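Peer 1: My questions concern the predicted model and sequence given below.
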Amino acid sequence: MMRRMSHDSPAATALDATAVTRLQQWVGRTETLDDLVCAAPLRGLAATLDRDDAPPIAGAPVPPLWHWLFFLPQARQGEIGPDGHPRRGGFLPPVPLPRRMWAGGRLRWEGANHLRVGQMVQRVSTIRSVSHKSGRSGDLVFVLVEHRFGNEAGLALTEEHDIVYRAAARPGDPAPPPQKPPLAGQAAWSRAIMPDPVLLFRYSALTFNGHRIHYDRSYVTQEEGYPGLVVHGPLLATLLMDLLRRELPQARVASLEFRAVRPTFDLHPFTVHGKPSDDGRTVALWAQDHEGWLTMHASVELVP
């Protein structure tokens, strides 16, 4: 299958030491943004997740991971590349590999200070590391970004965001072996999700995500070589946390760590699962595809 390379994504050649050193010059770069936590996107996400929530009012806390509805990248149309992403460079390093993936993250909510509807919030982002390795399928570049969210009361949320850049798939590339969930068959809670194109489009719209792999079937199959539309990693993580909220609506989250391990596509339903620890202090969450393979796992620490 032929794939056209984006003009802002050079052909996937090996990254030499000079190129890696140049990318590592982005370490320490910071960006500061301010945003208003308004109710409209929160209502939209509640509808997209098929929740029957009361409309959010001023002062209501933002549910875990719903802060991803704010501080959205808003590149001008002329700055968008063929894949729907903004052109490389700017705050993030200009990694010359075409595939960019949200691989996981770690979040900690700071005590009783929460992001709330009606607040002005400031996000300070810092590139903490840029690292490179060569895997079975070619070069991989890992970028770690730290986000610190603060309001009038001080720091409310700290997030570490893992981004992975990799080469485009090539015929004959070895596929990573699938994994069975460590707690398969032990879930206390489970829910089936049908990732139809409307769900993916609505989440893309709410997060102002123009990446075509989530809504453009001809692009994702012909140019990127995937079998179907790709379910957003942040949407998977949000669905895991939504399962927790449905089962333990009064629980307060202290921290979350999650990792994407396998792509999920819109071709089949998938399932999300959860199992609290015996002492009730932590919860294991995971997602499985229609064949039962692990696609994302997460660990949640609850406030006692």
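Peer 2: Yep, it's here.
Peer 1: When you work out contacts or count neighbours from here on, use the C-alpha atoms and nothing else.
Peer 2: Fine.
Peer 1: Show me where this protein has its strands.
Peer 2: Ranges of strands in the chain, per DSSP state E, are 30-36, 99-109, 120-135, 138-151, 154-166, 189-193, 253-260, 270-276, 282-288, 294-302.
Peer 1: Could you spell out the sheet neighbours of the first one, each with its direction?
Peer 2: If I follow you right, that is strand 30-36. Strand pairing for strand 30-36, using DSSP bridges, gives strand 120-135 (antiparallel).
Peer 1: Now do the partner strand against strand 154-166, angle only.
Peer 2: For strand 120-135 against strand 154-166, the angle by axes from the mean of the first three to the mean of the last three Cα atoms, to 10 degrees is 30 degrees.
Peer 1: what does strand 120-135 contact?
Peer 2: With contact meaning Cα atoms under 8 Å, 6 or more residues apart in numbering, strand 120-135 is reached by 20, 23-24, 26-37, 71, 92, 115, 139-152.
Peer 1: got the CA coordinates for that strand in PDB?
Peer 2: Output in PDB follows, covering the C-alpha atoms of strand 120-135 (Å, rounded to 0.1, in the frame of the first residue of the first chain):
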ATOM      1  CA  MET A 120      -9.900  31.400  35.300                       C
ATOM      2  CA  VAL A 121      -7.200  28.800  35.300                       C
ATOM      3  CA  GLN A 122      -3.600  29.000  34.200                       C
ATOM      4  CA  ARG A 123      -1.600  26.100  32.800                       C
ATOM      5  CA  VAL A 124       2.200  26.200  32.800                       C
ATOM      6  CA  SER A 125       3.600  23.500  30.500                       C
ATOM      7  CA  THR A 126       7.300  22.400  30.400                       C
ATOM      8  CA  ILE A 127       9.200  20.000  28.200                       C
ATOM      9  CA  ARG A 128      10.800  17.800  30.800                       C
ATOM     10  CA  SER A 129      12.600  15.300  28.500                       C
ATOM     11  CA  VAL A 130      13.200  14.200  24.900                       C
ATOM     12  CA  SER A 131      14.600  10.700  24.400                       C
ATOM     13  CA  HIS A 132      15.300   8.400  21.500                       C
ATOM     14  CA  LYS A 133      15.600   4.700  20.900                       C
ATOM     15  CA  SER A 134      15.500   2.400  17.900                       C
ATOM     16  CA  GLY A 135      12.900  -0.400  18.100                       C
END
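Peer 1: If you count neighbours, what's buried in it?
Peer 2: Under the neighbour-count criterion of 16 or more other Cα atoms under 10 Å, strand 120-135 has 121-123, 125-130, 132 buried.
Peer 1: between the helix ranked longest in the chain and strand 253-260, how many degrees?
Peer 2: Longest helix in the chain, counting residues (DSSP state H): helix 233-247. Here helix 233-247 points in a direction 140 degrees away from that of strand 253-260 (the same axes, to 10 degrees).
Peer 1: Quick check: buried residues in helix 233-247?
Peer 2: Across helix 233-247, burial judged by 16+ other Cα under 10 Å covers 233-245.
Peer 1: Low-confidence stretches in the stretch 51-200 of the chain?
Peer 2: Residue ranges of the stretch 51-200 of the chain with pLDDT under 70: 171-174.
Peer 1: coming back round to it: of the strands of the chain, which is nearest Thr221?
Peer 2: Of all these, it is strand 99-109 that lies closest to Thr221, at 13.8 Å by Cα to Cα.
Peer 1: The closest one: partners in the sheet, and parallel or antiparallel?
Peer 2: According to DSSP bridges, strand 99-109 has these partners: strand 154-166 (antiparallel), strand 253-260 (antiparallel).
Peer 1: Could you identify which of the ones you listed is most buried?
Peer 2: strand 253-260 (a mean of 21; mean count of other Cα atoms under 10 Å).
Peer 1: Identify the residues contacting that one?
Peer 2: For strand 253-260, the surrounding residues in contact (Cα under 8 Å, 6+ apart) are 64, 102-111, 233, 237, 295-303.
Peer 1: Please export the C-alpha coordinates of it as PDB.
Peer 2: The C-alpha trace of strand 253-260 is given here as PDB (Å, rounded to 0.1, in the frame of the first residue of the first chain):
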ATOM      1  CA  VAL A 253      -9.500  10.800  43.000                       C
ATOM      2  CA  ALA A 254      -6.100  11.600  44.400                       C
ATOM      3  CA  SER A 255      -4.000  10.300  41.500                       C
ATOM      4  CA  LEU A 256      -4.200   8.500  38.200                       C
ATOM      5  CA  GLU A 257      -1.600   6.700  36.000                       C
ATOM      6  CA  PHE A 258      -2.600   5.200  32.700                       C
ATOM      7  CA  ARG A 259      -0.900   3.700  29.700                       C
ATOM      8  CA  ALA A 260      -2.100   2.900  26.200                       C
END
